[in-house]
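>>> let me see the structure of the following:
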Amino acid sequence: MRRILMALGAVGLLFGGVAGAEEFYNGTVQPGETHIVRQERGFFNALRMKKDLRPLCGGMQPASVEVFHTVGDGFAAVLTGILYTPAHLRVTCPAPTALR
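Below you'll find the predicted structure:
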């Protein structure tokens, strides 16, 4: 059983970058909008893949970024022996400033 979990963890780490390309947001950028994006993590949550979030907000820095875990994230972590621990980011774009 231990070998199976180690093999599944290795497969998760090898193919985690492919799954990381999936992003859950619509293509139109609206100021003040919130997007949900997957973040890949590994090696007991110590390795966090850096993701540039500026394209989500039209090249601007996000106003806030919140990390949360779904049930599927927890299941993936348990299945791989906590070697692969995905998370999701809730990214809020800055609201437009009023023109004077």
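>>> after the helix or strand bottoming out on mean pLDDT in the chain, which helix or strand is next?
Scoring the helices and strands of the chain by mean pLDDT, DSSP states H and E places strand 23-24 at the bottom, with a mean of 47. Using DSSP states H and E, the next helix or strand after strand 23-24 towards the C-terminus is strand 34-39.
>>> got any ranges where this protein has weak pLDDT?
Where the chain drops to pLDDT under 70, the residues are 11-31, 44-45, 96-100.
>>> do a quick rundown of the helices in it.
For the chain, the helices defined by DSSP state H occupy 2-19, 71-79.
>>> buried residues in the last one?
The one in question is helix 71-79. 73, 76, 77 (16 or more other C-beta atoms under 10 Å). Bear in mind the C-beta positions are built from the backbone N, C-alpha and C, glycine included.
>>> ok, the last one touching residue 85?
Right, the one you point to is residue 77. Yes. The criterion here is C-beta atoms under 8 Å, and residue 77 meets it with residue 85 at 4.4 Å.
>>> what's the neighbour count on residue 5?
Residues contacting residue 5 under the criterion other C-beta atoms under 10 Å number 15.
>>> tell me the contacts of it?
79, 80, 81 (C-beta atoms under 8 Å, 6 or more residues apart in numbering).
>>> any idea how far residue 39 is from it?
Look at residue 5 and residue 39: by C-beta to C-beta, to the nearest Å, they are 23 Å apart.
>>> likewise residue 80?
Taking C-beta to C-beta, one finds residue 80 at 16 Å from residue 39.
>>> which of these two has more neighbours?
Between residue 80 and residue 39, counting by other C-beta under 10 Å, residue 80 is the more crowded of the two (22 against 18).
>>> quick check: phi and psi at that one.
Backbone torsions for residue 80, taken as degrees, to the nearest 10, come to phi -100, psi 10.
>>> just checking, it touches residue 9?
Yes. In this structure residue 80 lies within contact range of residue 9 using C-beta under 8 Å: 4.1 Å.
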